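Q: Fold the following for me, if possible:
(chains A and B)
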Number of protein chains: 2
Amino acid sequence: MHPNEKKPSGSVPTANILASKQKEISITEFFEKNKQILGFDSKSKSLLMGVKEAVDNALDACEEADILPDIFVKVEKLEDEEYRMIIEDNGPGIVRKMMPNVFGRLLYGSRFHALRQSRGQQGIGISATIMFGNISTGKPAHVQSKIEGEDSVAWGMDIVIDTKSNRPIVSNEAAFSWENKDSGTRIEYFTRGRYISGKQSIFEYLKNTAIVNPHAKITFVDPDGKTFVFERATDTLPVKSKEIKPHPEGLEIGDLQKMSQATHQKSVRAFLINDFSRVTARIADEIFKITGIKPEKKPSNLTRDECKDIVNAIADVKIMAPQTDCLSPIGDTLIKKGLMHVLDGMRPEYYAPPVTRAPKAVNGNPFTVEVGIVYGGDIPSEGQVTVLRFANRVPLLYQAGACAITKAISDVDWRRYGLEQRGGKGIPFGPAIILVHVASTKVFFTSEGKEAIADLSEITEEIGLALRLCGRNLKSHLRKRERREHTRAKFEIVQIILPELAKRSADFLNKPVPNLDLTISKIMNVIWIEPSVDSKKKKFRKITYTVFNYTRNERSFRMHAQLPKEAVNLTLFSEAHFVEMTEDGKAAWDIKDLPPAASTTISFELTGDMADVFSPDDVYISGINPVIVMGADPLPGDWGIKGIEVTEIESEEDLIEEEEEEEEIQEVLEDD
Amino acid sequence: MHPNEKKPSGSVPTANILASKQKEISITEFFEKNKQILGFDSKSKSLLMGVKEAVDNALDACEEADILPDIFVKVEKLEDEEYRMIIEDNGPGIVRKMMPNVFGRLLYGSRFHALRQSRGQQGIGISATIMFGNISTGKPAHVQSKIEGEDSVAWGMDIVIDTKSNRPIVSNEAAFSWENKDSGTRIEYFTRGRYISGKQSIFEYLKNTAIVNPHAKITFVDPDGKTFVFERATDTLPVKSKEIKPHPEGLEIGDLQKMSQATHQKSVRAFLINDFSRVTARIADEIFKITGIKPEKKPSNLTRDECKDIVNAIADVKIMAPQTDCLSPIGDTLIKKGLMHVLDGMRPEYYAPPVTRAPKAVNGNPFTVEVGIVYGGDIPSEGQVTVLRFANRVPLLYQAGACAITKAISDVDWRRYGLEQRGGKGIPFGPAIILVHVASTKVFFTSEGKEAIADLSEITEEIGLALRLCGRNLKSHLRKRERREHTRAKFEIVQIILPELAKRSADFLNKPVPNLDLTISKIMNVIWIEPSVDSKKKKFRKITYTVFNYTRNERSFRMHAQLPKEAVNLTLFSEAHFVEMTEDGKAAWDIKDLPPAASTTISFELTGDMADVFSPDDVYISGINPVIVMGADPLPGDWGIKGIEVTEIESEEDLIEEEEEEEEIQEVLEDD
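A: Predicted structure coming up:
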């Protein structure tokens, strides 16, 4: 029919034909036809997704019940691309009547409405896993669970999801006694997929999970029957994140309207103060002042415009940042451990001190960002840097390109921080690994697959800031290194050429060769601190600092370092120069009256898991003019415990000397 | 409490506490809390998403009703970041009783179950748009619609979505007579957002939409009241995509089980032949042979294992590729136009002939990939190439990083095709624009936001193939250019130095300067075809080929070119060398007995919209040994109409000459 030509009278209008087709789409059907949205797009990924959903839930449940997680994962290969997947935990278990819904119904869960950091939040993952198991193999999943309490028996059942109604079909439900199991849940399902190793594998996911959840023990049996155990690194549970009320920052008018209808509070004032976090009486009153709304008004009587005024007022009023106890960041040491873990023996040259940002809120959800960078050593330098992404302590292995973390990294001009990057955009190149963790009461993922964090400006900006701060540490390290190498070069020249000259002329004049140490000192004019690390055995490092005095005077000063307490042994305390170590591992050594051209050493041993956490470059000095010291930084102001004051100038002579030194040093630096 | 310590007896087990929290999550609540998944994450993006959903639906509806789309979009700025959005079409309209569900209910639509190419498929977009309008402004949306038929009145109503129940709340429903409107739908809603211009703007989306939907007229009024009209480029509707049955390729066991339960067919044989596309009687019988299943068995009696056997058998049986009539690709010319459109006046040096792949199927859904590349000219060469992504004729502006198209481009080693690319991975750099269109009965998007295509290996591989094929065209162009420039350089030297020498020696010997044309010919030994384009006016190009004979013999041959028929005018036919032009615009010219050192010209004019579609480099020759021709390729075998045979070798002398030529040319080439 030619376009826009009138239909023959009596023919059915298209609108009616369409109307006959218009119908509701069950959420289950929707995801059944769009499995890629849930991350079940490729065969290898599908296997991982299932494990991920089950393990994330296990960790969440254990945390809620203050149980140290002990998780068992087994992947068994059957015929033609079919696998039997088993995930078992020692969590609090699931009550019998809830099991069918938890496992057999999409969009059903306990954490969706809670404002606190947790891994699973959508109530989709595990039921979707079971659904795709059903679809791809036609076989039901078998789940069993036992809850705490001596008397409680365990219950097991087979579950299939009816994709038309999004309801569980349960069969073979039966009680049984689960031997030597206080409580826990076991999921067994069949699925089609492909088992892979390497970057995006189940093994990799479990390894990275173990790294940032050191309180968990994870056992993995791969399709070849090989067993890997990621042992617990600590017996203390991470600080349990608390549930909070929504923070008013970035509240939508509609949200406020809905809350004002639902609240039990009698007055708008009570509503604002009690139903939101960080809204004090003072803030509430400010809001009333701005909006002119009566504090005693019934919340349900708020008009749309009044809600709008309140939302706008909130933007103007200064409200305290959200509390942090709803979040549980990974923390500096674990980030560092995390980085080392993936390094697998490559000895990096430098760990930039990890950066953890103060929490902000987006749409009422507090979040915080942590960043760590490791650089150099054997890390390959040709390719792009490796990026490790985490959200609420869950490693993100797929969809890097879609992730705010990737975007934030690409938007930083890394050339300024010493990494190679074409045009100052994109993932930089060089021998570095960048770890980023976003912790939030609600992670805004780009899809139900929870593989990438959405590019919300508030979040991406925070990540960017954290990256720059960490990058700055890297840069200053590289600058230090450069200057040091420069001076060393100069140094070697002086040490080779001068003696040579001296010898020649001495021979020529038939005179004894003069001692040049003092001359060299005069020229170099630095205190040289040279670290060396000796670690023949694994988990053992002996660190020795050799301190040369290449100045004209006797020198006294104090050296400081932040040590991993757990790792230090007696050698530290028995050492001659040692002064003290504080509760938190801040150690100090005194060098007294080191004569010109003389040298001395400070050394100690580190042992155990934490031995490799300390980077020997991070030493500080006090009691001496830092500008003449090479190989240590001035003691930071925020160091807490005091260093010692720079020694007083005693005589005019000293004064002149000091000044001369300064000049010479300036020259040295300018040469550099 | 210390981990794993027994709870005080009588305390409530965590499982029960959790149970009390476990509840259903309404799909509407879910998306309300996860708007980023639907693409409503940033303020600027939210504005675009709404327009996109409405316009996509309008185009779909018009296509279904054979109506040439006439779409009106208006964005009005109100106070504090609030906008009034209006989208009106001349589609078939929506029947009154369906309006509330279509606009006021998520997961409700007419295209979800249909196997044919369409833009909207999820039944989420437009209702989500209205929901976020409600939430962010507290105001209802107003929709009105009129369906075909003289008598039908129009209906209008206000709609708010109840996010608890995912049901529409309708108010102010009223009939009215919609003056001078046969049929159509108008959506008006309020929302918060930010209006932007540039790469990811509403304007850009509408422009790109117009490009690949040339049958649509789109009018856009921006917040400043400025009106832009994208006029209809053609009055013929795109071939309407037909609805098909699922193709058995990549069918899941569960799918088959469900279909076998639902089918009305009496026997498995009838089931396979009638409920699937491309399953012939022969194929069905092969499947029965392999599986041993009885053809006359009732489909509903198929066991899980039998379904599994059938799925496996399907993989082994050779089944015809899916039919294409369920797809409507953009097509070469429009792709080229599309590319030109974004070029805005930059005159590119070369359009690689677009590549359209034969359809494949993924999970029973046929899909096809189209790729076009444009290169050089004023396209900036410093940065990365520009990538234009389309899915079912909808431009994709966000989430490039998540998209299979981006991945496919990054996985191609573009260095082999003449583009710069570090390590042969990632988006290449250089003066090029790459357009990729994926058309499918079902586009697998990474999220409900429909911004990126999921990385399903079948699809990504097809895109990769299309890219390589198109890249090969680019490469051969670049090689041609290089060789040409090389020869030209040599040429100029010969033309300058030889005459100079001749003159000198002539002066010296007091002899007249000899004519060197033949000498130059002898050295050069090429037929040189030099195109030049003259286009003072817009939509007018005069193309002239100057043909030099720099060989020792008279030369005769035929030149061929594929011209855009609509664009040629009489000058073509009146031209001396012109021979003929076929129905599809294949033109031919004969050069007869062109003497050595002589030259002649072929020229014609192109006018109108399609004038710029022809690239003068794409000319071919027949009737001559192609290796001595510079500036034209040998006539392709698949050209259809015949060229003329290479002139016979008449004498031994000729033969020797030919061979000499060959050698010399080889030398020339080796120099190069």
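Q: who touches the residue nearest in space to the middle of chain A in this structure?
A: Per C-alpha atoms, centre = their mean, the C-alpha nearest to the average position across chain A is that of A:His437, at 3.2 Å. Applying C-beta atoms under 8 Å, 6 or more residues apart in numbering or on different chains, we find A:His437 in contact with A:Val212, A:Pro329, A:Ile330, A:Ile335, A:Val369, A:Glu370, A:Val371, A:Phe390, A:Ala391, A:Arg393. Where you see a C-beta, it was placed from the backbone N, CA and C, and this is true even at glycine.
Q: Among those residues, name the ones in helices.
A: The helices, defined by DSSP state H, take in A:Val212, A:Ile335 from the contacts of A:His437.
Q: Now render the contacts of A:His437 as TSV, adding neighbour count and distance to A:Gly424.
A: Shown next, in TSV, are the contacts of A:His437 (neighbours: other C-beta atoms under 10 Å in any protein chain shown; distance: C-beta to C-beta, whole Å):
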residue	neighbour count	distance to A:Gly424
A:Val212	25	31
A:Pro329	24	30
A:Ile330	24	29
A:Ile335	28	26
A:Val369	27	22
A:Glu370	24	24
A:Val371	28	19
A:Phe390	23	26
A:Ala391	25	27
A:Arg393	25	32
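Q: so what's the backbone phi/psi at the residue of the stretch 51-200 of chain A found nearest chain B?
A: Residue nearest to chain B within the stretch 51-200 of chain A: A:Ile135 (3.1 Å; C-beta to the nearest C-beta). Dihedral pair for A:Ile135: phi -60, psi -40, per degrees, to the nearest 10.
Q: sorry, back to before: check which helix or strand covers the residue nearest to the centre of chain A.
A: Using DSSP states H and E, A:His437 falls within strand A:432-440.
Q: now swap in A:His142 and tell me
A: Using DSSP H and E, A:His142 sits in strand A:141-146.
Q: likewise A:Asn473?
A: In this assignment (DSSP H and E), A:Asn473 forms part of helix A:457-509.
Q: can you give me the offset of that helix from its chain's centre?
A: Chain-centre distance of helix A:457-509: 30 Å, with C-alpha atoms, centre = their mean, to the nearest Å.
Q: Mind checking the pLDDT average for whatever helix or strand A:Thr185 lives in?
A: Using DSSP H and E, A:Thr185 falls within strand A:184-192. Throughout strand A:184-192, pLDDT has a mean value of 95.
Q: ditto for stretch A:164-175
A: Stretch A:164-175 comes out with an average pLDDT of 92.
Q: Using PDB, write out every CA atom in that stretch.
A: Output of stretch A:164-175 as PDB, limited to C-alpha atoms (Å, rounded to 0.1, in the frame of the first residue of the first chain):
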ATOM      1  CA  LYS A 164       5.500 -17.000  33.000                       C
ATOM      2  CA  SER A 165       4.500 -16.200  36.600                       C
ATOM      3  CA  ASN A 166       8.000 -15.600  38.200                       C
ATOM      4  CA  ARG A 167       7.100 -18.100  40.900                       C
ATOM      5  CA  PRO A 168       9.000 -21.100  42.300                       C
ATOM      6  CA  ILE A 169       7.900 -24.700  41.500                       C
ATOM      7  CA  VAL A 170       9.200 -26.800  44.500                       C
ATOM      8  CA  SER A 171       9.500 -30.500  44.500                       C
ATOM      9  CA  ASN A 172      11.200 -33.200  46.700                       C
ATOM     10  CA  GLU A 173      11.000 -31.000  49.700                       C
ATOM     11  CA  ALA A 174      12.400 -33.000  52.700                       C
ATOM     12  CA  ALA A 175      13.900 -32.500  56.100                       C
END
